[in-house]
Structures are given as structure tokens and as C-alpha cells.
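>>> Predicted model follows, preceded by the sequence.
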Amino acid sequence: MPMTLPTESLRILLLDEQAERFPVMEAALTAAGYKVVGKVTTADNIQAAVERTRPDVIIADLDSPGRDTLESMQALNRKQPRPIVMFTNDGDRATIQLAVESGVTAYVVDGMLPERIKPILEVAMMRFHEYQKLRDELELTRLQLNERRHIEKAKGLLMKRKGLDEDKAYALLRRMAMDRHMKLAELARSIVAAAELLE
Amino acid sequence: MIGQEHTINLGYLPLLDAAPLLLAQELGFFSEAGLKVRLSREASWANIRDKLCAGTLQGAQLLVPMLISINLGLNRVKTALTSSFVLNQNGNSFTVSIALSEQLRLVNPEAMASAHTSVLTMKRLIQKRRERGEAAFTFAVVYPYSCHNYLLRYWLAAGGIHPDHDVNLVVIPPSQMVAQLQSGRIDGFCAGEPWGQLAASMGSGHTLLSTWDIWHNAPEKVLAVHQDWAAQHPDTYSALLKVLLKACRWLAETSNREDALLLLAQPQCLGTEADFLHWGLLAGKHNFHQHSANYPWPAHMAWLAAQMLRWSHLVPAQLSGGFLNDIFPAGIFRTICVQEGLAVPPEAAPTLVGYHAAPWQCGDVSLGADRFIDGIRFDSSGISEYLQQFPISNLPGT
């Protein structure tokens, strides 16, 4: 007869310095059938949160200084629970490398089977990665918007100063950029900056 | 040229004692020596350890006991590291909340007179609080395998306080110490200066002692690298240590102090006010070079290992087979001293620590004072006998 697996879902605590990532992570983990029992940043009382919420797994942002607090609960504090970093096998370099690359790591309560943790870590790594991509895209969009604004402004300046229409001003801007081996946005920014200086 | 073949990635935490690394970069010492070094600012000691294990970092600034903990895999993550360079000695202080300092004065108006009277008063205060059924004090250190932890434990135990039974020790990152002291979550913290100075200047803490009062000239941070990397790139490794030695000597010149503080205050370094770093340097008694501070003294490492045994963070078998000498060899440092025309410490380094209240001469070199608060002396050739004399410990049978 096959053994029955415990049906209750694993309890997860999140440690992250970017609190705006909490909802994304919580939604993803909940959808995967886990229970998020707490969300903390380094400014919170991490040890008390671990003692209060008694998580099975702690998912931690690699850039959270609070990681050192989690590490200490194994060495300093004799009370349960005692979270340990999940790389339990000596020389498990591949898992550590993966964690370092993805910016996320996990702590588990001593005795937890690694097979039960792997899927959680996979979800966490994927979400971290997606979140980072989203942030990078937002940053790119912001840059592009800025560039477009500078070009519009430079064009406006040329129209006013030289009495050109919009198309001619734009053509002049392009020719100047080509002559100077500059990107259009770069040239536009320096024209705007120079105009501000002269005002 | 040496080291041109690859970039050396070195990890550090933005603390005052990362100064030799930061200054070597800012002053161009690395590039002058033909070394391509990238300094990687990290958020936690755990991160530094993981990145060393993952191979992202070739080396890093480490708390001295971490050289033992990472080589043994005490946090389950393990890699073979070597160190032959101490970046600095001293630097930490123990700061308590204003409320706790007032309670100490109520028990004994002279409580703050010395690190002796403060711990004896603390012991009486803890007893009174226990009789009244009040909660134990919570004190924070920066990492379990740190000098902060072992020196604070030594001081508490010297006063008759058991660090695991009579108080609650926790770990909090240095940057959070002041806020947590203000909020009343902790009653005191042991961290590198200028954190104690910051708490005092904000009126939320009283600095009770400098860890110098517990052990004069305790080694604080080392530069550690992968054993494999050191073996594969002996010339680059030697050049790297020479640059650090140069940076430490530069830093030790009083005439360079002001420039050093201005460089360190920059946002890409520590991003703190230079004045503040200056107070921190004075209060922490940081020593970056004087009295052979950079030399990897085997007896100093052995004393820290003895503390790890005392509190059951290690068992004796883990130190067998010359383990400490393997991870903290002095040979390369001795060769560098010869090449740079500096005095070389005697081949047989002293095994005794705690005999000197003032600087002293050891062969051709001058060494710093090395006394412990209780005057007890340490002989690294007899660790178990040494540990027997302490009534408070976690050793089996106590």
C-alpha cells in the first residue's frame, strides 16, 4: 500500500528588501499550493517572525543583510525552529551557483527533505527573474521616454531660434548628429543642456 | 605582467575595516602592481560565503572565525580557503541602551568605571531582574562566527554571566543596530565602530567598552582567498598581499589619515561623513599595521578556535591534523617581508598570548600588547588544559 503524503501545504516566510516584490511572490507561491505565513525585511524583527510564524521554508533575497540573522539561528539560538541554508550536501556547488545567479536563496527547517523544497525554490527563482526583467524593461522604457522628450525639446528650440518648420528642424538635428558621430538623443540632450545654461 | 591574465574579484562589507582594500583601489595601488581587481560590495557575510563557494569571488574580507567556519562548512556550505593576511586589529565596541546604562548606575554608581566593574555590575543586575521575574537582556552581535561574538562572550563569562543561559544573544546586521536599540528590541550591541559612536551621538546608547578592553589587539578581519586560486596563481597572490601591505602601511602614517578618511567617505567607498569615520577610528582603536598587526599569528587563530570549542561551536576532532596551520600559513607573509626589506618575525612564532600589557619586542619585530581582561594567559600548545580553568562554558561535563 502506498504511503500517504502529508496533505497540509508547506509554510513559507519571505525575507526581501524590495517589499514591492512581496505580492508577486505571494501570488505565485499561493497559486502553486503553498502558504505564505509571513513577509519581513531586514528592518523587522526577523528572529521573532521566524519564532512566531514557524515556517518550513524561508525564501530570502540574496541582497538582504538580514540573511546573517537567519544564519545565526542555527548557531546561537537553541530554540526551535532552526533554519539552515538549504545547500545541505557538501560541494553542492551547482545549487549555490544557481542561487547566486538568480539572487534568491532558501533556508529550511532542519530535517526537511530537499525534494520538497526544490519546486518552491524553482517558483521563487522564476519569479525573481521575471521581476528583474520587468524592472529592466521599465528602466529601458523610462530611458526611451526621456530620450524622446529631449529630441522633442531640441527640435522645438531649433524651430524657435532658426525659424524652421518641424520637418526641417528634425532634418537639421539628424545631420548635426551624423556630422558629429553622435546619437540623436545624445545631441538633443546637449542642445537642451546648452540652452538651459544660456537662459 | 603579473595578474593581467584575469580580473580578481574580491568581496567586502562596507565597514571601516575594509579600508585597506578600498584605499588600495582608490590610490591606484592595485593597477600600479599590474593587478586587475574588482571590489564587490556585499550585503551580508552569508553572501560573501556563498559567492566564495560559487566561485564568483576569488577572495574576500572575512571575520577571522569565518576562515574556520567556511573551511569546515559549519553553516553546511563549505569551500577550501587560505589566509595569510590580517587586515586590522581591534575596531569593535559594546554599546548599551540608555535605559540599561541607568539601571547599571542604580546598582552601582561606579558601574561605568571600567570593563571590570561594568560586567560585575551587569551580573548583579541580571540576578536582581531574575528575582523580580523580568526578561533577560538581549544583546546583538554581527555574525555568529565573529570576534564580536567570542569577545562579548569572554567578557560576560569573565563576570560570571553565561552567554547562552543568562542573556539572549542574537545576530543583527550592523546597519540595523542603532534602530533596533532605539526601538527597545535589543538592550545592547557589539559591532564595529562607528556604529557605537552613532548610537551615542544620537543619544540612544552608551558605549560601555571597546573590545580592546577584553583582548588587546585581537585580530579582526583577514583577506582570504581560495586555496586552489592561491596555488594556481602564486605570483598574483603574492603581488596582491604586497599591495595590501602597502595600503596598510600608507594608512598607518598619521600624515595620511585625513586623506584616507576623505577617500573612504566617498559614496563608492563607505558613503559616511569623514568626521564620523574619524571618531570611529579613535573609539575602535583600529590598528591596520603597527606592531606586526598584518602577520598571521598562529596563536591568535588558536585562541579563537579555543573559544569556538568553549561554546560548542566546534569539537576538538575538527581541528586535528594541523588544520589551523593549513588555513592560516605564515610562509608567504615571511617571504614578502624579506622581499620588501621588512623585519621578519621569528620562524618559531610565540605560542603564548596574554603576557603583555604594553608593546614588546619579539626577535627583530615589535608586537602589540596582548592582555585579556581577566589576566588569564593562553598557551596554544595546550588548548584543552587552558579551557579546563573556565567555570562557565558549554564543554561536555560542565
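Received the coordinates, thanks. Numbers count the residues shown, from 1 in each chain, chains lettered A, B, ... in the order given.

>>> Check which helix or strand the closest residue in space to A:R180 that isn't next to it in sequence maps to.
Leaving out its chain neighbours, the residue that sits closest to A:R180 by CB to CB, 6 or more residues apart in numbering or on different chains is A:L187, at 6.5 Å. No exception for glycine: its C-beta is placed from N, CA and C like everyone else's. Here A:L187 sits within helix A:184-198, counting by DSSP states H and E.

>>> Please apply the same query to A:F128.
Secondary structure assigned from DSSP H and E places A:F128 in helix A:114-162.

>>> tally of neighbours for residue 125?
Chain wasn't specified; assuming chain A. When neighbours are defined as other CB atoms under 10 Å in any protein chain shown, A:M125 has 19 of them.

>>> Switch to chain B, please.
Neighbours of B:L125 (other CB under 10 Å): 20.

>>> same for the helix or strand of chain B with the lowest mean pLDDT, what does it pack against?
Here the helix or strand of chain B ranked lowest by mean pLDDT, DSSP states H and E is helix B:274-284, holding a mean of 87. The criterion is 3 or more CB pairs under 8 Å, 6 or more residues apart in numbering or on different chains; DSSP states H and E, and the helices and strands that helix B:274-284 contacts are strand B:92-97, helix B:195-201, strand B:205-210, helix B:257-265.

>>> ok, now with 10 Å
Using 3 or more CB pairs under 10 Å, 6 or more residues apart in numbering or on different chains; DSSP states H and E as the contact test, the elements touching helix B:274-284 are strand B:92-97, strand B:188-192, helix B:195-201, strand B:205-210, helix B:257-265.

>>> quick one: which of those is nearest chain A?
Among those, the nearest to chain A by CB to the nearest CB is strand B:188-192 (11.8 Å).

>>> what distance separates the closest one from the centre of its chain?
12 Å (CA atoms, centre = their mean, to the nearest Å).

>>> For that strand, give the mean pLDDT please.
Averaging pLDDT along strand B:188-192 gives 97.

>>> As CSV, the helices and strands packed on helix B:274-284 with mean neighbour count would be great.
Formatted as CSV, the helices and strands packed on helix B:274-284 follow (neighbours: other CB atoms under 10 Å in any protein chain shown):
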stretch, mean neighbour count
strand B:92-97, 28
strand B:188-192, 28
helix B:195-201, 23
strand B:205-210, 22
helix B:257-265, 17
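
>>> Output those in a markdown table, with distance to B:F323 appended to each entry.
Converted to a markdown table, the helices and strands packed on helix B:274-284 look like this (distance: least, CB to CB, whole Å):
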| stretch | distance to B:F323 |
| --- | --- |
| strand B:92-97 | 26 |
| strand B:188-192 | 27 |
| helix B:195-201 | 33 |
| strand B:205-210 | 31 |
| helix B:257-265 | 35 |
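
>>> Any idea which of these gets closest to B:E26?
The closest of those to B:E26 is helix B:257-265. By CB to CB, the value is 4.7 Å.

>>> which residues touch A:K35?
A:E8, A:S9, A:L10, A:R11, A:I12, A:E26, A:L29, A:P55, A:D56 (CB atoms under 10 Å, 6 or more residues apart in numbering or on different chains).

>>> So which of these wins on neighbours?
Using other CB under 10 Å as the neighbour criterion, A:I12 leads the contacts of A:K35 with 26 neighbours.

>>> Domain ranges for the chain, per the record?
Just so you know, I chose chain A. A:11-137, A:138-198 (automatic domain parsing).

>>> nope, chain B
As assigned by automatic domain parsing, chain B contains the domains B:7-90+B:218-346, B:92-213.

>>> can you tell me which of these comes nearest to A:E71?
Across the domains of chain B, A:E71 has its closest neighbour in domain B:7-90+B:218-346 (5.1 Å, CB to CB).

>>> tell me the angle the helix holding A:F128 makes with helix A:184-198.
Using axes from the mean of the first three to the mean of the last three CA atoms, to 10 degrees, one finds that helix A:114-162 and helix A:184-198 are set 60 degrees apart in direction.

>>> and after helix A:114-162, which helix or strand comes next?
helix A:166-179.

>>> so A:K35 bridges to which residues?
Bridge pairing for A:K35 (DSSP bridges) gives the partners A:R11.

>>> Roughly how far does it sit from chain B?
Distance, A:K35 to chain B, using CB to the nearest CB, to the nearest Å: 25 Å.

>>> follow-up on the earlier one: just the CA atoms from the least confident helix or strand of chain B would do, formatted as PDB, please.
Listed next in PDB are the C-alpha coordinates belonging to helix B:274-284 (Å, rounded to 0.1, in the frame of the first residue of the first chain):
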ATOM      1  CA  ALA B 274      34.700  61.800   7.300                       C
ATOM      2  CA  ASP B 275      34.400  63.200  10.800                       C
ATOM      3  CA  PHE B 276      32.300  60.400  11.800                       C
ATOM      4  CA  LEU B 277      34.800  57.800  10.500                       C
ATOM      5  CA  HIS B 278      37.500  59.700  12.400                       C
ATOM      6  CA  TRP B 279      35.600  59.300  15.700                       C
ATOM      7  CA  GLY B 280      35.100  55.600  14.800                       C
ATOM      8  CA  LEU B 281      38.800  55.100  14.200                       C
ATOM      9  CA  LEU B 282      39.600  56.600  17.600                       C
ATOM     10  CA  ALA B 283      36.900  54.900  19.600                       C
ATOM     11  CA  GLY B 284      37.500  51.500  18.000                       C
END
